[in-house]
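**Q** here is my input, please return the structure:
(2 chains)
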Protein chains: 2
Amino acid sequence: MELYFALSGAGFVCHTVNPRLSPEHVSYIINHAKDEVLFIDETFLPLVAEIRDQIPCVRAIVLMGGVLMGERSAQAAAQIEGLLFYDDLIAAQDGSFDWPDLDENSAASLCYTSGTTGRPKGVLYSHRSTILHTLCSNQPDLMGFDATDCVLPVVPLFHVNAWGVPYNAALCGCDLVLPGPNLDGETLTNLIDQFKVTVGLGVPTIWAGILKAAQDAPDKLSSLKKAIVGGAAMTEVMRNAYKRLFSVDMIHSWGMTEASPMGAINHLLPKHDELSEPDLNAIKLKQGRAPFGLERRLIDDDGMVLPEDGETAGHLQICGHWVIDHYYGHQESAAPGGWLDTGDIASIDPDGYLTIRDRAKDIIKSGGEWISTGELEGVAVSHPGVQAAAAIAAHHEKWDERPIIIAVKAQNAAVSEQELLQHYEGKVARWQIPDKVIFVDQLPLGSTGKVLKTDLRDTYFYVLRKSEAAPLPRSCGQMRGLGLVPVAGADQQNPTGVAAYPRCEYNG
Amino acid sequence: MELYFALSGAGFVCHTVNPRLSPEHVSYIINHAKDEVLFIDETFLPLVAEIRDQIPCVRAIVLMGGVLMGERSAQAAAQIEGLLFYDDLIAAQDGSFDWPDLDENSAASLCYTSGTTGRPKGVLYSHRSTILHTLCSNQPDLMGFDATDCVLPVVPLFHVNAWGVPYNAALCGCDLVLPGPNLDGETLTNLIDQFKVTVGLGVPTIWAGILKAAQDAPDKLSSLKKAIVGGAAMTEVMRNAYKRLFSVDMIHSWGMTEASPMGAINHLLPKHDELSEPDLNAIKLKQGRAPFGLERRLIDDDGMVLPEDGETAGHLQICGHWVIDHYYGHQESAAPGGWLDTGDIASIDPDGYLTIRDRAKDIIKSGGEWISTGELEGVAVSHPGVQAAAAIAAHHEKWDERPIIIAVKAQNAAVSEQELLQHYEGKVARWQIPDKVIFVDQLPLGSTGKVLKTDLRDTYFYVLRKSEAAPLPRSCGQMRGLGLVPVAGADQQNPTGVAAYPRCEYNG
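**A** As a prediction, the model looks like this:
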């Protein structure tokens, strides 16, 4: 946290690296960024010792002091030649410093995207973009911290600069609680209780852990007013649980590294005052409205702008004061005409509320119509017998793609494929009901906790035979306006037999 | 309101003129600004007809339509040659417009200061300064509007762009209620009730009117949550009344035309949670902490920076992203080294809460020590027999200046001079107790409702004879650090006889 402000304020670039990436990725990122000084925790001494020879651009390595380390450690010094100690460096200074007068467009910090597609890419933030993002994302209708808040960001410092939360906290002077490495529900619940945290931020799995730990001691969350959820979709079950058990309002938000990250957050309008709880939930489960300073649009595969009617789904593009125009070190524009393609498929309702339907690379195109894997997964996990689920495309000789579900059963649950498929009836259009369910022990997860669908697609590569009918997209209403022609003529039956080919075998 | 956004957005400068100034001042301002098009309400047809020949730079005059006017009016057209009608101009357009891409440092709007000292001076706001002011002044710890608010600014549109409130409202998309010309308490109370206003903004006299009108029907203010007070100091009596009668939190703020205007606003810190009501009031009656984006300091007469200990009073200077560096059309800097002298005498406590003590030109310098006229006036109006009061300096042959009070008695009150002077005992240091009270029927007010102390000083120009002792400044603690040496040797008696010279007679 000190480095965030010290480095950027002194005219250096603060580059946070995700240490959970593979050593090859970490080395690649450090070299690509041309990092000169590496500040590390004790935990990462072995990793850095391993890659030391691969990162010649690094002139100095500094071991952070404080809670974990204390002062010098001979044991640590033995692991890396020339290791410096943060506390020593600080102790040698007199505390005065002439802060330079910097160009607002100069670089302040750098984050690399996690690299699930291709090599990690750098996103360089300027002082200007950081200040504007902070001022806008801290408006009352966004994060809205004030000086009386105590904020707990359960987000790694390397993850889009902890979602920008440290800057928002410094802006208003609120208290900030950094959770450290233990992110289990019990530890976090006790932190909230101990420091009287008023606002927390985290991905849904974090909030699930807190819910589990606090449900028998709801008083421990009595100070908590707002739970901001990002990184993945929040479920209605969780939202209701927080409301009923703890009187906590869960606030959905959406963003990305390329957008500093704030792209949407969900607060209500006066017109929603009189809504019933189900209608209110339907709105609160959306990702929310755009902040002042950022614009959004939906386009189809041909680049035509689509209507914002809450139903039409398209490629989500964003444009704004904290959205990148190119990746660090890349020549080509990442945002032609100012518009960055987010890689998400989304819809936007007439009040401006965004709903993320799917990652564009994950969406299933069946007979010319899109089927959202996010929606299919949501239905699967709403079944009490299912703990986790991923929807992927099976290849179909006629319909091109059809959805199948890879699911993990809940503990001691005995749900059958047929039962889960029936669970979809009435919840999605019939032609969107998956063709197959495969139960597995666990889903493969990447370093940021997201399901690795590329792995799943490699492992479970099905091809549906042409002779087996896939259902007809019955209506274009759900995903209309995409300029695609539905394929006509087949019946409404779910296909039954599917042939499985592991990817390597198929390629062979 | 349409003009605010239409003109600035189209690349023109929106210049609002205070029509309550003298015709000479209005002409001077229009000529100095080189205004080209004048948009007016029907009310001001006679004024503009009167000065038409004095403002040759104006190429067109447009009569606003809407509620007051309807469409064309032959009667209006007869008063000013070539008069255009807003509704006609709008009707002739098809509603499409290509907004230009403007340099953020180009001018967006222009306001002239009221001109109580010298000629009115122009303050030119850029797009950049306006956006930054809006983003910062709408933080949760400042004005803090969100999309569910309904905001009533009881502030003229020409008064620092209505304190910037229209921009804050547009930023968050809240409702905005513009009160029109009738600003009496009953009308405003009914507006709050009718539109369910949640936040109101105005000077203390506005809030006094609402208090009087609503005290027998407090339900009419049930939607109101925040009452933001600026322009003059709020009293404890009023703050307590709003809290007790309406559960409304009065929020003190301070600003000036040269600062767009936000310079301070009063919100509490977590450390204040446990304070008793009197201690809380002592904090809430201060003008408040500085917004992010604006810095403040106190200096003495020699330009030395003074401590922020809550007691030391000095010249308040400000520096920030929405503070002018020079007046429009003036060559010399208004803020040497970035620091604008506000003309106010203030103190700042260790938590950053500002207290405005006086206007520098109004402060009384007695025997080398400062006496705040604002404090003396506050004590006077805290006496139930006093409705309004102004403190001014009498000239003293030995002590240079001594305070006297010009007061208006409350209806049917029979307070005597001696009684009011005794009322000061224990409330201010003995040497600060005024030497004289003069009761008058009313105080002279300027066009913005402030007491014209220049007029008072002209009318009531006293000289205290040297032989009559003025009290010694007993302690430098109250106003310490000013680099001034207290004069020693006199006793603690209040002088009695004073000789009155109307200014003209004295000059003669």
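**Q** residues contacting A:Ile55?
**A** A:Ser27, A:Ile30, A:Asn31, A:Asp35, A:Leu38 (Cβ atoms under 8 Å, 6 or more residues apart in numbering or on different chains). For every residue, glycine as well, the C-beta is placed using N, CA and C.
**Q** next, A:His318: secondary structure please.
**A** If you look again at residue A:318, you'll see it is Ile, not His. A:Ile318 carries the three-state label strand when classified by DSSP: H, G, I helix; E, B strand; the rest coil.
**Q** which other helices and strands contact the helix or strand hosting A:Leu171?
**A** Using DSSP states H and E, the element containing A:Leu171 is helix A:165-172. Here helix A:165-172 touches helix A:2-9, helix A:127-137, strand A:150-153, strand A:175-176, going by 3 or more Cβ pairs under 8 Å, 6 or more residues apart in numbering or on different chains; DSSP states H and E.
**Q** including mean neighbour count, mean pLDDT and distance to chain B, could those go into CSV?
**A** Putting these into CSV (neighbours: other Cβ atoms under 10 Å in any protein chain shown; pLDDT from 0 to 100; distance: least, Cβ to the nearest Cβ, whole Å) gives the following:
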stretch, mean neighbour count, mean pLDDT, distance to chain B
helix A:2-9, 16, 96, 14
helix A:127-137, 22, 98, 4
strand A:150-153, 23, 98, 8
strand A:175-176, 18, 97, 7
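**Q** A:Ser382 is nearest to which of the ones you listed?
**A** Among the helices and strands packed on helix A:165-172, strand A:150-153 comes nearest to A:Ser382, with 28.5 Å by Cβ to Cβ.
**Q** contacts made by that closest one with the rest, please.
**A** A:145, A:162-163, A:165-166, A:168-169, A:174-179, A:188, A:191-192, A:195-202, A:223, B:270.
**Q** can you say which of those residues are buried?
**A** A:145, A:162-163, A:165-166, A:168-169, A:174-177, A:179, A:188, A:191-192, A:197-202 (16 or more other Cβ atoms under 10 Å in any protein chain shown).
**Q** chain B: which of the contacts of A:Ile55 is nearest?
**A** Distance to chain B, by Cβ to the nearest Cβ, is smallest for A:Asp35 among these, at 30.5 Å.
**Q** list the contacts for the closest one?
**A** With Cβ under 8 Å, 6+ apart, A:Asp35 has these contacts: A:His15, A:Val17, A:Ile55, A:Cys57, A:Val58.
**Q** likewise for A:Arg239?
**A** A:Met250, A:Asn281, A:Lys284, A:Leu285.
**Q** repeat that with 7 Å
**A** When the contact criterion is Cβ atoms under 7 Å, 6 or more residues apart in numbering or on different chains, the partners of A:Arg239 are A:Met250, A:Asn281, A:Lys284.
**Q** same check, this time on A:Phe246
**A** Going by Cβ under 7 Å, 6+ apart, the list of residues near A:Phe246 reads A:Ala214, A:Pro218, A:Leu221, A:Leu224.
**Q** most widely separated two among those residues?
**A** A:Pro218 and A:Leu224 (10.1 Å).
**Q** which of these two has more residues huddled nearby?
**A** A side-by-side neighbour count of A:Pro218 and A:Leu224, using other Cβ atoms under 10 Å in any protein chain shown, places A:Leu224 first with 24 against 14.
**Q** burial count for the closest residue to that one other than its chain neighbours?
**A** Closest residue to A:Leu224 apart from its sequence neighbours, by Cβ to Cβ, 6 or more residues apart in numbering or on different chains: A:Val248 at 5.2 Å. The number of residues packed near A:Val248 is 23, by other Cβ under 10 Å.
**Q** backbone torsions only: list them for A:Ile433.
**A** phi -60, psi 130 (degrees, to the nearest 10).
**Q** skipping adjacent residues, who's closest to it in space?
**A** A:Tyr424 (4.5 Å).
**Q** equivalent analysis for A:Val408, please.
**A** That would be A:Ala388: by Cβ to Cβ, 6+ apart, it lies 4.4 Å from A:Val408.
**Q** ok, the helix or strand hosting that neighbour: who's next to it in the sheet?
**A** Element membership of A:Ala388 [criterion: DSSP H and E] is strand A:386-396. When sheet partners are counted by DSSP bridges, strand A:386-396 sits next to strand A:400-409 (antiparallel), strand A:462-464 (parallel).
**Q** for the first one, output the C-alpha coordinates as PDB.
**A** By that I understand strand A:400-409. C-alpha atoms of strand A:400-409 as PDB (Å, rounded to 0.1, in the frame of the first residue of the first chain):
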ATOM      1  CA  ASP A 400     -22.900 -26.100 -35.500                       C
ATOM      2  CA  GLU A 401     -23.000 -25.900 -31.700                       C
ATOM      3  CA  ARG A 402     -25.300 -27.300 -29.000                       C
ATOM      4  CA  PRO A 403     -24.900 -26.700 -25.200                       C
ATOM      5  CA  ILE A 404     -23.800 -29.400 -22.700                       C
ATOM      6  CA  ILE A 405     -23.300 -29.000 -19.000                       C
ATOM      7  CA  ILE A 406     -20.300 -30.100 -17.000                       C
ATOM      8  CA  ALA A 407     -21.500 -30.200 -13.400                       C
ATOM      9  CA  VAL A 408     -20.200 -31.000  -9.900                       C
ATOM     10  CA  LYS A 409     -22.900 -32.500  -7.600                       C
END
